[in-house]
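Novice: following is a predicted model, sequence given first.
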Amino acid sequence: MKNLSVCLLLAGLGTACFPNAAVATPPVTQWTVLNFHPQGADASYGIGGGPGSFVGSIARTSVGVLHAAIWNESTGGWIDLNPGLPEDRSEAVAVRANQQVGFATVGGVRRASLWNGSAAAWIDMHPVEGLSSAALAIDGNQQAGYVELPTQSPSSNYRASLWNGSSNWIDLSPAESESSCVYTMYSGRQGGYAFIGNEYHACLWSGTSSSWVDLKPTFTPYSIVYNMDSRQQVGVIGAGMYEHASVWSGSAQSVVDLNPPGVDGSRAQGVLNQTQVGLVYIDDATRASLWRGSAESWIDLHAFLPSAFTSSSAESIWSDGRAIYVLGYGFNSSTRRDEAVLWIGTAACPCDLNNDGRVDDNDFSTFVDAYNTLDCASPLMPTGCPADFTGDQAVDDSDFAIFVAGYDAMLCP
């Protein structure tokens, strides 16, 4: 299993993932898996994604070094984003629209990086006073991550950082912290950790160092936020010898332990509309996982991989309203390499809104209520907006046409 950055190595945990927009997460009754490993590569990792494309890193056979990469979800084609020499390392960890963020090692220095779809469009955001830096999240016109500063104390030189597309940066570290890092951001808020009093405190910011909110529950020795959306934050809390996947709703008191019974530990790395993804530890291996807000809701995504895969990790999640997409990677024992994979979860019968195997008058009544509500963002709309079959955040005539076809067929396949 690889580490994404020095910032992650300091925490000893976690990854940086794409914070998703509020798109419906439909019910899932079947999973398929696509392998996006490029031919001729030593390894590949899918890390951050969104509709149409996703990012990560690929080890080129000719040099054996990881290069930042972006994939086209439809074609499987990929673009090498590495801006330096072939032997220089780079990684992309998050994507939003047509921009990607991560880091590139150029001139022997790890540099926070912003791309616009190609190596030639690379923007170096590394500040001149920094020893190293990495951008781990992107939202709108802002990027976030860490800057390593040259200080005498090795525990206090990593600073949670915010950029606006250039090397000018804002230090988000709380005054009382010894080190800090941002892993995720959404709608003007940032999430990550602050190291205070020899403990990792999961925290949120709103663009300034003084705005930080401590999410660490009193009962745990450490906690870290790795991802967030408009409602929830996900990450880990410490539990004895292990980390436990956890989800918050904006306060330390709201934390929910997602660790399933019988597993050694777990980690939550992505979230979308009350659906969380990550991994669990079982018998010295990791298994990609999905939750719906509780430990009991755990789904073992690893079970849907070919049998040759011996470990896996789910890194990010998004939806188009019709399917759930979970990006990650796994170790293929047949090829003896890590390979980027995409899980796609669909409902075999999406118009069966009450999941009874039929599309009948009961479903019609539910659909009419959603149709009259119209806007998926309305508090009157059921969670996940399941009647939005087209994924356009509204239950309208286009969804009605799909429902009518399902209603005419009546029985689910």
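Specialist: Noted; the coordinates are in hand.
Novice: assumed Tyr407 was part of a helix.
Specialist: Yes: assessed by DSSP: H, G, I helix; E, B strand; the rest coil, Tyr407 belongs to a helix.
Novice: my read: it touches Leu353, true?
Specialist: No: Tyr407 lies out of contact with Leu353 (Cβ atoms under 8 Å); the separation is 10.8 Å. Quick note: C-beta positions are derived from backbone N, CA and C, even for glycine.
Novice: who touches both of those two?
Specialist: Residues touching both Tyr407 and Leu353 (Cβ atoms under 8 Å, 6 or more residues apart in numbering): Asp363.
Novice: domains of the protein?
Specialist: Annotated domains of the chain cover 6-346, 361-409 [automatic domain parsing].
Novice: hey, which of the ones you listed is tucked in deepest?
Specialist: The highest mean neighbour count among the domains of the chain, using mean count of other Cβ atoms under 10 Å, belongs to domain 6-346: a mean of 21.
Novice: model confidence over that one, on average?
Specialist: For domain 6-346, mean pLDDT is 91.
Novice: chain center to that domain, what's the gap?
Specialist: Using Cα atoms, centre = their mean, to the nearest Å, the mean C-alpha position of domain 6-346 is found 5 Å from that of the whole chain.
Novice: next one: stretch 362-377
Specialist: From the chain centre to the centre of stretch 362-377 is a distance of 30 Å (Cα atoms, centre = their mean).
Novice: hmm, who's touching it?
Specialist: Contacts for stretch 362-377 (Cβ under 8 Å, 6+ apart): 22, 24, 351-354, 356, 380-382, 385-388, 393-396, 399-400, 403, 406-407.
Novice: got the CA coordinates for it in PDB?
Specialist: Taking Å, rounded to 0.1, in the frame of the first residue of the first chain, the C-alpha atoms of stretch 362-377 are listed here in PDB:
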ATOM      1  CA  ASN A 362     -47.300   2.100  -4.500                       C
ATOM      2  CA  ASP A 363     -44.300   3.300  -6.400                       C
ATOM      3  CA  PHE A 364     -46.500   5.600  -8.500                       C
ATOM      4  CA  SER A 365     -47.700   7.300  -5.300                       C
ATOM      5  CA  THR A 366     -44.100   7.800  -4.100                       C
ATOM      6  CA  PHE A 367     -43.100   9.200  -7.500                       C
ATOM      7  CA  VAL A 368     -46.000  11.700  -7.600                       C
ATOM      8  CA  ASP A 369     -44.900  13.100  -4.200                       C
ATOM      9  CA  ALA A 370     -41.400  13.500  -5.500                       C
ATOM     10  CA  TYR A 371     -42.600  15.000  -8.800                       C
ATOM     11  CA  ASN A 372     -44.700  17.500  -7.000                       C
ATOM     12  CA  THR A 373     -41.700  18.500  -4.800                       C
ATOM     13  CA  LEU A 374     -39.500  18.800  -7.900                       C
ATOM     14  CA  ASP A 375     -36.300  20.000  -6.300                       C
ATOM     15  CA  CYS A 376     -34.000  17.400  -5.000                       C
ATOM     16  CA  ALA A 377     -32.600  19.900  -2.500                       C
END
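Novice: could you give me the average pLDDT of that stretch?
Specialist: The pLDDT scores in stretch 362-377 average 93.
Novice: right, I'll leave it there.
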